[in-house]
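Trainee: Give the three-dimensional model of this entry:
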Amino acid sequence: MRLYLDTNVIVDIIENRDPSSYDLLCKSLRCAHTIVLSSWTYQELLHIGYGQQASTFLKMLERHKKISWVKQASSDALMARTVSTHHADAIHYLIAKRSAEAIVTRNIKDFPFTDILIKRPEEL
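Mentor: Modelled structure (predicted):
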């Protein structure tokens, strides 16, 4: 399954603060899933101070050939204004909708969508 990881799940992995996020990463590396990451997520990680860790994480996924990299479309910011959630989460949703089968997040309440699976790491 193609899984779009929300920023909070990646921080869980980097900070080793949630075993289910790490378990999901391990399952993905064992070919259960492909991880979809976006330029938007990477920018968020840089903004909150995880630049070096994010680069290391991406390189590891690239080495294992378990990543699908998706660029934010120029129209995403404009379209996000029409989506009923926080602007940043709306952009994640729009990118995930066109590139993945599910969004993996700890922030379920800000992803009230029915046209894509929304899962917590422990549910996969």
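
Trainee: Please, where are all the strands along this structure?
Mentor: 2-5, 34-38, 67-70, 102-104, 117-119 (DSSP state E).

Trainee: The nearest residue to Gly51 once chain neighbours are set aside: neighbouring residues, count only.
Mentor: Of all residues not flanking Gly51 in the chain, Leu45 sits nearest, at 6.8 Å (C-beta to C-beta, 6 or more residues apart in numbering). For the C-beta atoms, the positions are set from N, CA and C on the backbone; glycine is no exception. Counted with other C-beta atoms under 10 Å, the neighbours of Leu45 add up to 22.

Trainee: residues touching the nearest residue to Thr85 once chain neighbours are set aside, list them.
Mentor: Of all residues not flanking Thr85 in the chain, Asp110 sits nearest, at 5.0 Å (C-beta to C-beta, 6+ apart). For Asp110, the contact set (C-beta atoms under 8 Å, 6 or more residues apart in numbering) comprises Thr85, His86, Asp89.

Trainee: Need the pLDDT of Asp110.
Mentor: Here the pLDDT value assigned to Asp110 is 93.

Trainee: Roughly how far does Ser68 sit from Gln52?
Mentor: Between Ser68 and Gln52 the distance is 22 Å, computed by C-beta to C-beta, to the nearest Å.

Trainee: now the residue lying farthest from the centre of the chain: how far from Ile91?
Mentor: Largest separation from the mean C-alpha position in the chain: Thr82, at 20.9 Å (C-alpha atoms, centre = their mean). Plainly put, Thr82 is 12 Å away from Ile91 if you go by C-beta to C-beta.

Trainee: Spatially nearest residue to the most centrally placed residue in the chain (excluding sequence neighbours)?
Mentor: In the chain, the centroid-proximal residue (C-alpha atoms, centre = their mean) is Leu5; its distance is 1.9 Å. Among residues not flanking Leu5 along the chain, Val104 sits closest, at 5.3 Å (C-beta to C-beta, 6+ apart).
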